[in-house]
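S.K.: Prediction below, plus the sequence it came from.
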Amino acid sequence: MSVHREQRGVTVTTLKRLKREGEKIACLTAYDASFAAVLDRSGVDVILVGDSLGMVIQGFDTTVPVTVDDVIYHARAVARGSRRAFRVADMPFMSYTNHTQALSNAARLMQEGRAQMVKLEGGETQAGIVRELSAHGIPVCAHLGLQPQAVHKLGGYHVQGKEAAAAAKMREAAAAVEAAGAELLLLECVPAALAAEISATARIPVIGIGAGNECDGQILVLHDLLGVSVDRTPRFTRNFLTGAHGIADAVSQYVRAVKDKTFPAAEHSF
């Protein structure tokens, strides 16, 4: 007879319940145990071990150089520091080009990195990968809008979905990845009205970054929130450390602002 220990902390089921009940989901990135513990104690619901580590930790100008081993290293550290928050790990550039590769790398992120979900960029073109991972019990977060791994193809970091045709394509992509089994959707640098429409239509939670405050939740890069980014601060972020009593208070203020919908404000949206 097997014994099932009660699972503690935030789960996929928790996130879907928060969407149904209309409570906003507060998400942040983290890359080590100490900051993960701060986020955990401050009420952050989801911690993303993002390939943004390539820029804010490693000092690259894009996320492209980040490897699977890099993400596993940082995800493992985050897992040691967090107890409550749901942990998501990015699948880096070119780590999911086919089903076999995607399954192998996602399995490593979960087994070695102790991630509870993996995130990958792309819409309809990645629906097959999403379906394959989901069929093998791997929870997936799909990432639409601005996709940093494709920055060289996009020609820079620009708002996506502004034109009618692009907006229609994004709606179709959102529906496609959800139908393929994605449990979570992230929209980056998307017009607020379009993000609100997708959030209202989707049955899965939709997390925004630079996508207005009508998404089901918000995420920021931790270093942007603390005002310590190497490069310029994106328009869609806010320095919560200003006026706060330390880092933990800044994170707590962010969580409260997301939950009560005072962040993001109009000036943080497109």
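M.R.: Great, that's in hand.
S.K.: Run a quick neighbour tally on the residue lying closest to Ala265 once chain neighbours are set aside.
M.R.: Closest residue to Ala265 apart from its sequence neighbours, by C-beta to C-beta, 6 or more residues apart in numbering: Asn213 at 7.5 Å. Every C-beta, even on glycine, is put in place using the N, C-alpha and C of the backbone. Using other C-beta atoms under 10 Å, Asn213 has 20 neighbouring residues.
S.K.: so how far is Arg20 from Asn213?
M.R.: Counting by C-beta to C-beta, to the nearest Å, the gap from Asn213 to Arg20 is 18 Å.
S.K.: Please apply the same query to Lys119.
M.R.: 22 Å.
S.K.: out of these two, which sits in the more crowded spot?
M.R.: Lys119 (24 against 10).
S.K.: So that one, which state does it fall into?
M.R.: What DSSP: H, G, I helix; E, B strand; the rest coil gives for Lys119 is strand.
S.K.: Return the set of residues that bridge with it.
M.R.: Taking DSSP bridges, one obtains Asp90, Cys141 as the residues bridged to Lys119.
S.K.: And it, what's its pLDDT?
M.R.: On the pLDDT scale, Lys119 is placed at 98.
S.K.: Repeat that for the one 10 residues further on.
M.R.: For Ile129, the pLDDT comes out at 98.
S.K.: That one and Val190, how far apart?
M.R.: 22 Å.
S.K.: And the longest helix seen in the chain, what's buried?
M.R.: The longest helix of the chain (DSSP state H) is helix 164-180. Under the neighbour-count criterion of 16 or more other C-beta atoms under 10 Å, helix 164-180 has 166-167, 169-171, 173-178, 180 buried.
S.K.: How about stretch 225-235?
M.R.: For stretch 225-235, by 16+ other C-beta under 10 Å, it's 225-226, 229, 234.
S.K.: now those in JSON lines, with pLDDT?
M.R.: Supplementary listing: these in JSON lines, determined by pLDDT from 0 to 100:
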{"residue": "Leu225", "pLDDT": "96"}
{"residue": "Leu226", "pLDDT": "96"}
{"residue": "Ser229", "pLDDT": "77"}
{"residue": "Pro234", "pLDDT": "84"}
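S.K.: Under the pLDDT cut-off, which ranges of the stretch 51-200 of the chain? List them.
M.R.: In the prediction, the stretch 51-200 of the chain carries no residues with pLDDT under 70.
S.K.: Would you map the strands across it?
M.R.: For the stretch 51-200 of the chain, the strands defined by DSSP state E, counting those that start in this stretch occupy 86-90, 117-121, 140-145, 184-188.
S.K.: any chance of those in a markdown table, plus distance to Val10?
M.R.: Below are the strands of the stretch 51-200 of the chain laid out as a markdown table (distance: least, C-beta to C-beta, whole Å):
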| stretch | distance to Val10 |
| --- | --- |
| strand 86-90 | 4 |
| strand 117-121 | 11 |
| strand 140-145 | 14 |
| strand 184-188 | 12 |
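S.K.: wait, doesn't Arg235 sit right on His268?
M.R.: Yes. Counting by C-beta atoms under 8 Å, Arg235 does reach His268; the two are 6.7 Å apart.
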